[in-house]
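J.: Need a 3D model of the following:
(2 chains)
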2 protein chains.
Amino acid sequence: MTLQFNVLAQDGQARKGRITTPRGSFTTPCFMPVGTRAAVRTLDTSDLEALNPPVVLANTYHLMMRPGPEVVEQMGGVHGFTGWSGHVLTDSGGYQVFSLDPKVDDDGATFRSTYDGTSHRFTAERVVDVQLQLGSDIQMVLDVCPPSEAPATVQRQTVDRTADWAVRARRRFLEVEGHNAGANQFGIVQGGTDPALRAESAARTVEVGFDGYAVGGLSVGESPGQMMVALAATAPLLPQDQPRYFMGLGDPIGLLECVALGVDMFDCVLPTRLARHGTALTWEGRLNLGNSSLANDDRPVDPHFPASPAARYSRAYLRHLFNVDEPSAARMLTLHNVAWLLALMEEAQDAIATGTLDRLIAKTAEAWG
Amino acid sequence: MTLQFNVLAQDGQARKGRITTPRGSFTTPCFMPVGTRAAVRTLDTSDLEALNPPVVLANTYHLMMRPGPEVVEQMGGVHGFTGWSGHVLTDSGGYQVFSLDPKVDDDGATFRSTYDGTSHRFTAERVVDVQLQLGSDIQMVLDVCPPSEAPATVQRQTVDRTADWAVRARRRFLEVEGHNAGANQFGIVQGGTDPALRAESAARTVEVGFDGYAVGGLSVGESPGQMMVALAATAPLLPQDQPRYFMGLGDPIGLLECVALGVDMFDCVLPTRLARHGTALTWEGRLNLGNSSLANDDRPVDPHFPASPAARYSRAYLRHLFNVDEPSAARMLTLHNVAWLLALMEEAQDAIATGTLDRLIAKTAEAWG
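T.: Numbers count the residues shown, from 1 in each chain, chains lettered A, B, ... in the order given. Predicted coordinates for the structure are as follows:
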């Protein structure tokens, strides 16, 4: 059985859906926290089980470097290694590799490890194989990730190479019977901020035929307006009956705006990174625990989110913990921020079902605009 | 009501006992984890509740500097601030202050804050007042803490000054009706490694009349043999019907040896500090997760301690988390190490009740000797 996607409700282009794989099922639109090195930073697997996210990400590049795919495979894949029994999606590591000034040719990319300087090579096929070793439920193809300011000729080459690698990755995945291992594979649409190039990339990716489709190469430095135009040119061209995943977006308004354009899945380090810097997501916008006005504030981080895993602690206490570098502070805010985004996505699901997504966007914009 | 101590069983000089205060009761001998800045490093209050230690320490010096005793008092004391409803013992901060090269006179000690360089003064009375603001169940007097290599003249002066400050601290505590606030106050015996000076200090401290007695100034650099001789000269002179607290000891064999000499309470940063450096307490001795032989080890940290809060994770996974600097690794090992020492103390209680403490010491020495 491959991945199934059922649309449960629609509100304009927005869809509430259900994704089912051999591992189980979850409701969309959804936010997926990022566990780069087989752990969401500051959290352990029991914490994740309490948060109950639909999917957790892990990163192929980082796990290939440490502890190595053989170790993860021997320990039962990411699931056996971590004890997490929910869905795991592995990013291909392309984004990381392309940030390392790699030598790229038509066949793949050669780069030096940030861990120990050793040389490694990623190809479309190799990345499929490693992700099967990692045992993820959803794996991503290797794509070319250009900087947002890349010129048109580079974006053109990016789309061509990404399309070529998509064909090879899919062939490899089906050859090694990835589906039989319970795995699914998503293609990735590139094309920068050029609507025509986006449309071409979408068509060429869909032609290959994947279990779902991601929009990559956005939220990388372009303006919010450019991002939305590029997404609007892409989403309608992706199959209605398959999931759509916007890579690397996590700000509350951005999420809902993309949901309105028909996106089903999101990931981002934003909630966890902000948490480690002492910033909480709240219905009053960002709350910085460094603010001295919180020194005697006995309210919880977000009084409008009583279900927060950090709700038992006052702002004053959490501020103190940050001030004196207690590691528990970052963990508490990470739990809060992830829970807050998961709850926002549940609100979005409900809003789509009741045809009130616009109202939720307005409410969110009021707090975050 | 002041603190009550009931001896439930004896095995030689070792006692199994029960301490009752207005907050509740707990069984001794016991280990008390250290929450210096109103948190045990890497843990939050929910973690502590799961570990269920009899008492948690907090430090007067550190909380006076950050966030300040007024803030803690406004938030309901350490209990209200942290949400921890079990026993809290506050160290006087003398140990910290005497490590800061203070100007000491008969009246008190003046020192500069390690946080911002500002000047502060500790006196016997001031430290009582601050600990009442912190709302601890057991507070410690301000004592003089000399280095272990201090000459005899300094140890002599230490005992005299500590005895003088004990009188003043007790007077202050009773004047401000500390007992009515549910608080209890422990005196501290000094005297270095000189048995005669220890005996004198014990007698002078007991003469003041406290709710319990601590042995300070040991486990600060002297040899284990010197430490045991000094303790043996002290413990029998302390009241049989009151608790005895050995400050700053946490190694498994040392704990049990001191239990055998009649000590009831211990605290130490050892289990939490070792954890943050990747070292686990186990029934096979210290286990260093940096050891490369653990890369594929699918056993839990201590196979002989299935109740460990980290038992669900393999050594391989925890080693990986340490290797890639995931903060959850230190938290998992902290949970494990504290739980391991709490369990050891429960074993000691059972061994005393059944007259088998010697056997437990032999078993522990086999793993740790």
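
J.: got the buried residues for whichever helix in chain A runs longest?
T.: If you go by DSSP state H, chain A has its longest helix at helix A:327-353. Neighbour counts over helix A:327-353 (16 or more other C-beta atoms under 10 Å in any protein chain shown) mark A:327-342, A:344-345, A:347-349, A:351-352 as buried. From N, CA and C alone the C-beta is placed, and that goes for glycine too.

J.: and that helix, how far from the chain's centre?
T.: 14 Å (C-alpha atoms, centre = their mean, to the nearest Å).

J.: Next, the angle helix B:327-353 makes with that helix.
T.: 120 degrees (axes from the mean of the first three to the mean of the last three C-alpha atoms, to 10 degrees).

J.: close enough to count as contact, A:Ala58 and A:Val78?
T.: Yes - under the criterion of C-beta atoms under 8 Å, A:Ala58 makes contact with A:Val78 at 5.2 Å.

J.: need the contact list for the closest residue to chain B within the stretch 101-250 of chain A.
T.: Proximity of the stretch 101-250 of chain A to chain B (C-beta to the nearest C-beta) peaks at A:Tyr115, 8.5 Å away. A:Tyr115 makes contact with A:65-66, according to C-beta atoms under 8 Å, 6 or more residues apart in numbering or on different chains.

J.: again, 10 Å this time
T.: A:62, A:64-66, B:323-324 (C-beta atoms under 10 Å, 6 or more residues apart in numbering or on different chains).

J.: cool, and A:His320?
T.: Contacts of A:His320 by C-beta under 10 Å, 6+ apart are A:289, A:294-295, A:313-314, A:326, A:329, B:37-39, B:63, B:66-68, B:71-72, B:75, B:81-82.

J.: go on, A:Val97?
T.: A:60-61, A:64, A:104, A:108-111, A:120-122, A:127, A:142, A:144-145.

J.: quick one: contacts for A:Lys192?
T.: In this structure residue A:192 is Gly, not Lys. Contacts of A:Gly192 (C-beta under 10 Å, 6+ apart): A:146-152, A:154-156, A:158-159, A:198, A:201, A:217-218, A:220, A:222, A:226, A:230.

J.: Which of the residues you listed fall in helices?
T.: A:152, A:154-156, A:158-159, A:198, A:201, A:226, A:230.

J.: now the helices: where do they sit in the stretch 201-350 of chain A?
T.: With DSSP state H, counting those that start in this stretch, the ranges of helices along the stretch 201-350 of chain A come out as A:224-234, A:252-260, A:270-276, A:315-323, A:327-353.

J.: name the helices or strands packed onto the second one?
T.: Put plainly, it is helix A:252-260. Packing partners of helix A:252-260 (3 or more C-beta pairs under 10 Å, 6 or more residues apart in numbering or on different chains; DSSP states H and E): strand A:14-21, strand A:30-32, helix A:224-234, strand A:244-246, strand A:265-267, helix A:270-276, helix A:327-353, helix A:357-368.

J.: circling back: which one of the ones in helices among the contacts of A:Gly192 sits closest to A:Asn180?
T.: A:Ser201 (29.0 Å; C-beta to C-beta).

J.: returning to that earlier point: between the helices of the stretch 201-350 of chain A, which gets nearest to B:Phe210?
T.: helix A:315-323 (30.4 Å).
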